[in-house]
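Colleague: Return atomic coordinates for the entry below.
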Amino acid sequence: MRLLQTILIGLSSSFSLSAWACSDLPNICEMNAQHHQQMQDYGRQAAENYYWQQQEQYEEQESRTYYSSYDPMQSRIEIATDLLNSDLQKKSQEQKFKQDPRYERYINGGWEFFQDSANPKRREYCAAFFWKKQSLIKVSGPGGDYAGAMLTFWGEDIPQPKKTEMIQVTLKQSTGDAQSVRVFNYKLPNYPYAAISFAVPSAQALFDNMLENEHFIIEQNGKKIVEAEWTDGLKARDQLKNCVTGNKI
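Modeller: All right, here's what the predicted structure looks like:
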């Protein structure tokens, strides 16, 4: 199963009941269907609550002078976008950039591993962030009331809503057909770009379907809003596993 299929399972009712259960045991089938729908609703609501809580937390911290120290992800996004803008605007200073150790990651790509919260508990908010030029991707595990995982992208062409919304996009991966899915779309305070996040049912489902190399194209209404890729995906998977299981990241 590919990561795209895992995302689709998490966002739709694609868990099916067997044919014999529905034909021979209609009452049980109906109860199972009701239970499944309840679990789908719970998972969707938990993910939405998670992002509303996160946005409220960032808005509260925005007024503090030491705000950036509370948000590990924000500092990484800022570094990545600063290098991107500098590379586009100041080609004449290429030698200076090459002396910056961050520039190597900007050119060749790489992962950073951390817990994406101000005061994280062990095993929570485990995150792996990959960036290479315009590719800005975070893979993250459970945190707070949310027991699933998330796949998040940032980009200058992603819509910037005033509050968290659910939008319909078309997702294409390295192989397979394009699929239409609903994703979270939001912009956190002080971030240069907005983000879109795909819900994955569990951290284990994410681990089972991460590939070594991956390429993503995301479109909205026929317009490409994200094109991103990662390499060394298995390294990221193993580091996230260590964090989620309570080992040092």
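Colleague: Just the local confidence number for residue 140, please.
Modeller: In this prediction, residue 140 carries a pLDDT score of 93.
Colleague: Kindly state the beta-bridge partners for the nearest residue to it once chain neighbours are set aside.
Modeller: Distances taken as C-beta to C-beta, 6 or more residues apart in numbering put residue 127 closest to residue 140, at 4.3 Å, once the chain neighbours are dropped. Where C-beta positions appear, they are placed from N, C-alpha and C, glycine not excepted. Following DSSP bridges, residue 127 is listed with bridge partners residue 114, residue 140.
Colleague: Distance of residue 127 relative to residue 114?
Modeller: In this view, residue 127 and residue 114 are 6 Å apart by C-beta to C-beta, to the nearest Å.
Colleague: When the two are compared, which one has more neighbours?
Modeller: Between residue 127 and residue 114, residue 127 has the larger neighbour count (other C-beta atoms under 10 Å), namely 26 against 19.
Colleague: any residues in contact with both of residue 127 and residue 114?
Modeller: Common contacts of residue 127 and residue 114 (C-beta atoms under 8 Å, 6 or more residues apart in numbering): residue 72.
Colleague: give the contact list for residue 169.
Modeller: When contacts are counted by C-beta under 8 Å, 6+ apart, residue 169 touches 180-183, 196, 218-220, 225.
Colleague: nearest to residue 136, of those residues?
Modeller: Of all these, the one with the least separation from residue 136 (C-beta to C-beta) is residue 196, at 11.1 Å.
Colleague: Now tell me what touches the helix or strand hosting residue 131 from outside.
Modeller: For residue 131, the element it lies in under DSSP states H and E is strand 126-132. Residues from elsewhere that reach strand 126-132 (C-beta under 8 Å, 6+ apart): 72-73, 76, 80, 105-116, 136-141, 203, 229-231, 236, 239-240, 243-244, 249.
Colleague: Stretch 106-115 too?
Modeller: With contact meaning C-beta under 8 Å, 6+ apart, stretch 106-115 is reached by 72, 76, 80, 83-84, 87, 104, 124-133, 135, 229-232, 235-236, 239-240, 243, 249.
Colleague: So residue 142 sits against residue 148, correct?
Modeller: Yes: counting by C-beta atoms under 8 Å, residue 142 touches residue 148, with 6.6 Å between them.
Colleague: list the residues that contact both of those two?
Modeller: Between them, residue 142 and residue 148 share the contacting residues residue 203, judged by C-beta under 8 Å, 6+ apart.
Colleague: how about residue 215, what does it touch?
Modeller: For residue 215, the contacting residues are 173-174, 228-229, by C-beta under 8 Å, 6+ apart.
Colleague: In which helix or strand does it reside?
Modeller: Element membership for residue 215, per DSSP H and E: strand 214-220.
Colleague: Next: residue 150.
Modeller: Here residue 150, judged by DSSP H and E, is contained in strand 149-155.
Colleague: least trustworthy helix or strand in this structure by mean pLDDT?
Modeller: Lowest mean confidence among the helices and strands of the chain (mean pLDDT, DSSP states H and E): helix 19-24, at a mean of 34.
Colleague: List the contacts of residue 152.
Modeller: 137-140, 195-198.
Colleague: Which ones among those lie within strands?
Modeller: Here DSSP state E is the test, and the contacts of residue 152 give 137-140, 195-198 as lying in strands.
Colleague: I'd like the residues you listed written out as a markdown table, with neighbour count added.
Modeller: Listed next are the ones in strands among the contacts of residue 152 as a markdown table, based on neighbours: other C-beta atoms under 10 Å:
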| residue | neighbour count |
| --- | --- |
| 137 | 22 |
| 138 | 21 |
| 139 | 26 |
| 140 | 27 |
| 195 | 25 |
| 196 | 23 |
| 197 | 19 |
| 198 | 24 |
